[in-house]
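In: Sequence and predicted structure below; questions after.
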Amino acid sequence: MTAKFYEFEWCGIRISLRHIHNYCGVMEHLEIRSIDPENAPLPITETGYKSHFLDAASLHEYGGALAYVRAWLTVEADKAEWQSQKEVASQYSLFWPLGLYTQSPSVVTATGAFCIED
């Protein structure tokens, strides 16, 4: 059981990804966490943390754990539920440049996390 660690930015949110290959001898395990802003909601989790198990073939199909998670975020960000959260959060976007940041979910979502990256 080996682990690989990644950090990347998605739509202005710094994300950590831990990929454990061959978890319990049969599965791949991904731990996804928003780290800056901490616990920022993502299209795949409202809490900023997601534990996900899948088969190795699925990761291989996307070119690895990092490519899989990026694609997953992009697909989920395009769904109606995430887009409706984007609309609500946009009400707060005028205040973001002023540095009025708090950990409340409604303001954290105003960080621009609702974009879809190419």
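Out: That came through, no problem. Numbers count the residues shown, from 1 in each chain.
In: Show me the shaky parts of this protein.
Out: 88-118 (pLDDT under 70).
In: Can you show me the strands along it?
Out: 2-10, 13-23, 27-36, 49-54 (DSSP state E).
In: Throw the ones you listed into JSON lines and include distance to E81 and mean neighbour count, thanks.
Out: Quick note: C-beta positions are derived from backbone N, CA and C, even for glycine. Shown next, in JSON lines, are these (distance: least, C-beta to C-beta, whole Å; neighbours: other C-beta atoms under 10 Å):
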{"stretch": "strand 2-10", "distance to E81": "17", "mean neighbour count": "12"}
{"stretch": "strand 13-23", "distance to E81": "18", "mean neighbour count": "17"}
{"stretch": "strand 27-36", "distance to E81": "18", "mean neighbour count": "18"}
{"stretch": "strand 49-54", "distance to E81": "15", "mean neighbour count": "14"}
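In: now these as CSV including distance to L42?
Out: What follows is these, written out as CSV (distance: least, C-beta to C-beta, whole Å):
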stretch, distance to L42
strand 2-10, 8
strand 13-23, 7
strand 27-36, 6
strand 49-54, 7
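In: and of these, who's closest to P43?
Out: Ranking those by distance to P43, with C-beta to C-beta as the measure, places strand 2-10 first at 9.3 Å.
In: That closest one pairs with which strands, and in what direction?
Out: Paired neighbours of strand 2-10 in the sheet (DSSP bridges): strand 13-23 (antiparallel).
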